[in-house]
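# my questions are about this predicted structure, shown below with the sequence.
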Amino acid sequence: MTQPQPPSRSASRAKIRPPLPELTAAHPSVPRWLRLAHEGDPGFAAGAALAWLDPLARAMTAPGALWRKRRALAVAEVIAQLDGHRVDQARLRDHWVLRREGDDPGPAAQIYAGCRWLASSRGGRLQDWAAQLPQRFGLQGDQDLVERLHDLALALPQRGAAIAEAASAAEVLITGGPAQSGAARRGLALADAVLARALGWAVPVPLLALGLKRADLRLAGQGAAWRDACARGFAVAALAAADEHADLLRRSEVLLRAAPRLRGRDAAARVAALLDEDALAAGAGAETSDRSARRFYDRLIDAGAVRELTGRATFRLYGL
């Protein structure tokens, strides 16, 4: 009687690999009429754009987490520059990814930390704002900010006019303290959490700061003019967010097509991390060395599934 053969080492490895993430279903391209809508009524344009974005904002599948983190990085760049920091997304990414445990990331990267937190599931919980937001943005000593966040959380209704509520929340921080206050521009990120709560999104999507012009901030406190500026900002940013999601989804599909050909016990975990995080360094994994990790990412670059994000020969970072 023929004895059954033991499974090969490669077959055993295939069995213990964790399942790869599920991708969000493809969404239609933004129609031309919607791209032109912001030139008309701001409220209509914002409502139409946010309705288009709604299925993507509600999906809990990949690349949703990566999408939010990449948009949080872009919002952090805007806020940091408004604060007077001479940084861009590449420098913020470096400060964040290459920091060591316990390091002070610096004031600009601290803004990124706060934006990432607001773009997480905890960011939409208004009961956490007063306790968490000052710490996340590095503003622990701003007691006035704590009080304003507490009052704002108490004043927000369960449901209401989403854009008006978000504009009002941003206005509370922008106009509620000194113009030079570190809290003022954080209102742009907080508005996204208020919008998500009003629309019933479980996780906020960073939007408003990427749709406003710098001159629009001077309209805060001017009633309808400020609300219209925020509506236009949400309309522009929502459509850009939909475009970015489509691009990341396409890149995710390329990565998952390449995944079955990848060797290494950490392969599935690294693929899942690439679908979740903005940028990764080629560090050692649970069962692989630094050198093996670099070869892994180099193979993905050759396959067109991953990009090297820095252009450097050393201290390289990888992402979709």
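In hand now; what should we look at?
# what is the burial count for residue 280?
Close neighbours of residue 280, defined as other Cβ atoms under 10 Å, add up to 19. Heads up, the C-betas are built off the backbone N, CA and C, glycines and all.
# do residue 224 as well
10.
# how far away is it from residue 209?
Taking Cβ to Cβ, to the nearest Å as the measure, residue 224 falls 21 Å from residue 209.
# got it, and residue 245?
18 Å.
# likewise residue 96?
Look at residue 96 and residue 209: by Cβ to Cβ, they are 18 Å apart.
# ok, those two, which is more surrounded?
Taking other Cβ under 10 Å, residue 96 and residue 209 do not tie; residue 209 has more neighbours (26 against 22).
# list the contacts of that one.
By Cβ atoms under 8 Å, 6 or more residues apart in numbering, the residues touching residue 209 are 75, 78, 79, 185, 188, 189, 233, 237.
# and for the nearest residue to the third one once chain neighbours are set aside, the neighbour number?
It refers to residue 79. Of all residues not flanking residue 79 in the chain, residue 185 sits nearest, at 4.7 Å (Cβ to Cβ, 6 or more residues apart in numbering). For residue 185, the number of neighbouring residues by other Cβ under 10 Å comes to 22.
# same check on residue 312?
Using other Cβ under 10 Å, residue 312 has 10 neighbouring residues.
# so is it in a helix, a strand, or just coil?
Following DSSP: H, G, I helix; E, B strand; the rest coil, residue 312 is assigned to coil.
# quick one, grab the pLDDT at it.
pLDDT, residue 312: 91.
# surely residue 168 forms part of a helix?
Yes: counting by three-state DSSP, residue 168 falls inside a helix.
# next, count neighbours for residue 183.
23.
# what's the nearest residue to it once chain neighbours are set aside sitting at in phi/psi?
In space, and not counting its chain neighbours, residue 183 is closest to residue 145: 4.3 Å by Cβ to Cβ, 6+ apart. With angles defined as degrees, to the nearest 10, residue 145 sits at phi -60, psi -40.
# next: residue 279.
phi -150, psi 150.
# my guess is residue 29 meets residue 245, correct?
No: under the criterion of Cβ atoms under 8 Å, residue 29 is not in contact with residue 245, lying 11.3 Å apart.
# quick one: which of these two has more around it?
Between residue 29 and residue 245, counted using other Cβ under 10 Å, the more crowded position is residue 245 (25 against 9).
# other SSEs contacting the helix or strand that that one is a member of?
Using DSSP states H and E, residue 245 sits within helix 224-258. The contact analysis (3 or more Cβ pairs under 8 Å, 6 or more residues apart in numbering; DSSP states H and E) places helix 224-258 against helix 42-58, helix 64-82, helix 162-175, helix 267-274.
# tell me what angle the third one forms with helix 224-258.
Think helix 162-175. Interaxial angle of helix 162-175 relative to helix 224-258 (axes from the mean of the first three to the mean of the last three Cα atoms, to 10 degrees): 110 degrees.
# and helix 162-175, what's buried?
162, 163, 165, 166, 167, 168, 169, 170, 171, 172, 173, 174 (16 or more other Cβ atoms under 10 Å).
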